[in-house]
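> coords please:
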Amino acid sequence: MRSLAGAGGEERERAWGDTLCSPPLLPLPGSLGPLGGGFRCFAHCKTAFFCFLLLLFLLWNKNEGVQVSPGCNAAVLGNLASPPLPWEPLGPEQSRPSAALLGGLPSCLRCLCIGTSVYCDDADLEHIPLLPPDTTYLYARFNRISAIWAGDFTGLKKLKRIDLTSNSISWADADAFRLLPSLQELILPENRLTALPELPRSIVRLDARLNRIPSTGLQPEAFRDLKQLQFLHLSDNQLDYVPTPLPESLRSLHLQNNNIQTMHKDTFCDSQDHSHIRRALEDIRLDGNPINLSLFPNAYFCLPRLPTGRFA
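Sure thing, here's the model as predicted:
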């Protein structure tokens, strides 16, 4: 800090220490914005030529964007009044920016992009961010996402895994995942879902544990045509019955801690074909349900192992 006193005892200060930004050409007083307040620079200029150059620099900054050095003081940044960028956090009065507004350009400003994997864990997100078109794996766990919209994953043809564990998702558009041709793993535990959207036929693993899904929240024969499905985990929901029919590819079925009270003899096996054996389905969890499995002895003949649950 350097002070200059006039002859009449009047003091004028110039703050050029920690309150300065240092763009490539000229130092700027901390009180100046990109253009607003720029005419006050004449109080600090010794020559009109210097002021002319400074004003040209300010106009250049306005058009090109201010280039701030790493040591720039935060107070100065606060004075650079400019409209918020489309990818900045949105207030409650603002609507979500569209892909058109963003010019189709993905942003990793709030996430970490490594190769084709995008990590957005614990980033205080309220919606799915715009993703790079070659995204293969998305991890957006421990956020505040409340809904999944049909356009959230549009065009992501290489997306294989979506992990949205521990958000506040209560609704997902029916077409949110259906058109993803490469999707293999959909991980949705610890949310507030009351219904499952339609799934792509490429799905291998569905994990929707610890939600609020009743049997009416599943589409009729929701899993019948999912010929690649191997892991179906719907424990800790509000299901009243085992969803049927189940694809032959299924290896693990977790339905513990629901409200399942009964089943029919064709739930797992074809009662008309006693030669039918489901060799893949070795892991069935029905514990924590009010059903007494011993009441349905003919329902398990095709299984390599009995379900886990209450037999008394």
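> from here on, contacts and neighbour counts on C-alpha atoms
Noted.
> thought Val118 was touching Leu109?
No. Counting by C-alpha atoms under 8 Å, Val118 does not reach Leu109; the two are 11.1 Å apart.
> these two: which has the busier surroundings?
Of the pair Val118 and Leu109, Val118 is the one with more neighbours under other C-alpha atoms under 10 Å, namely 20 against 10.
> and that one, what element?
Assigned by DSSP states H and E, Val118 falls within strand 117-119.
> so what are the sheet partners of that strand and their directions?
Strand 117-119 pairs in its sheet with strand 112-114 (antiparallel), strand 137-139 (parallel), by DSSP bridges.
> buried deepest among these, which one?
The highest average neighbour count among the strands paired with strand 117-119, using mean count of other C-alpha atoms under 10 Å, belongs to strand 137-139 at a mean of 20.
> residues in contact with it: which ones?
Residues from elsewhere that reach strand 137-139 (C-alpha atoms under 8 Å, 6 or more residues apart in numbering): Thr116, Ser117, Val118, Tyr119, Cys120, Asp121, Leu159, Lys160, Arg161, Ile162, Asp163, Leu164.
> next SSE downstream of it?
Following strand 137-139 in sequence, per DSSP H and E, is strand 147-148.
> quick one: name whatever helix or strand follows that next one.
Taking DSSP H and E as the definition, the helix or strand that follows strand 147-148 towards the C-terminus is strand 161-163.
> show me what the helix or strand following that following strand is packed up against.
Following strand 161-163 in sequence order, the next helix or strand is strand 171-172 (DSSP H and E). For strand 171-172, the packing partners by 3 or more C-alpha pairs under 8 Å, 6 or more residues apart in numbering; DSSP states H and E come out as strand 147-148.
> each with direction, which strands does the strand it packs on pair with?
strand 171-172 (parallel).
> so where's the stretch 51-200 of the chain uncertain?
Residues of the stretch 51-200 of the chain that meet the criterion pLDDT under 70 lie in 51-107.
> what about the helices in it?
Listed from the start of the chain, the stretch 51-200 of the chain has helices (DSSP state H, counting those that start in this stretch) covering 74-79.
> re earlier: got the strands paired with strand 117-119 as CSV, with distance to Gln230 columns?
Shown next, in CSV, are the strands paired with strand 117-119 (distance: least, C-alpha to C-alpha, whole Å):
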stretch, distance to Gln230
strand 112-114, 28
strand 137-139, 19
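> quick one: closest of the ones you listed to Cys269.
Comparison of the strands paired with strand 117-119 against Cys269 by C-alpha to C-alpha identifies strand 137-139 as nearest, at 35.6 Å.
> isn't Glu282 right up against Arg251?
Yes. Contact criterion C-alpha under 8 Å: Glu282 and Arg251 qualify, at 5.9 Å.
> how about the strands of the stretch 201-312 of the chain, start to end?
According to DSSP state E, counting those that start in this stretch, the stretch 201-312 of the chain carries its strands in the segments 205-207, 231-233, 252-254, 283-285.
> for Leu179, which of these is the nearest?
With C-alpha to C-alpha, the closest approach to Leu179 among the strands of the stretch 201-312 of the chain belongs to strand 205-207: 15.9 Å.
> from the contact counts, what lies against the closest one?
Using 3+ C-alpha pairs under 8 Å, 6+ apart, strand 205-207 sits against strand 185-187, strand 231-233.
> ok, the last one: who's next to it in the sheet?
In the sheet containing strand 231-233, its partner strands are strand 205-207 (parallel), strand 252-254 (parallel), by DSSP bridges.
> any chance of the ones you listed in JSON lines, with mean pLDDT too?
As requested, the strands paired with strand 231-233 are exported to JSON lines (pLDDT from 0 to 100):
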{"stretch": "strand 205-207", "mean pLDDT": "98"}
{"stretch": "strand 252-254", "mean pLDDT": "98"}
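> in a markdown table, list those along with distance to Ser235 and mean neighbour count.
As requested, these are arranged in a markdown table below (distance: least, C-alpha to C-alpha, whole Å; neighbours: other C-alpha atoms under 10 Å):
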| stretch | distance to Ser235 | mean neighbour count |
| --- | --- | --- |
| strand 205-207 | 9 | 19 |
| strand 252-254 | 6 | 20 |
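> picking up where we left off before, Phe301 is nearest to which of the strands of the stretch 201-312 of the chain?
Each of these has some distance to Phe301 by C-alpha to C-alpha; the shortest is strand 283-285, at 13.8 Å.
> and for that closest one, what's in contact with it?
Contacts to strand 283-285, defined as C-alpha under 8 Å, 6+ apart, come from residues Arg251, Ser252, Leu253, His254, Leu255, Gln256, Arg305, Leu306, Pro307, Thr308, Gly309.
> neighbours of Ser294, how many?
Close neighbours of Ser294, defined as other C-alpha under 10 Å, add up to 12.
> quick check: Leu188 touching Ile213?
No. Taking contacts as C-alpha under 8 Å, Leu188 lies outside contact range of Ile213: 11.8 Å.
> what's the pLDDT at Ala299?
The predicted structure scores Ala299 at 94 on the pLDDT scale.
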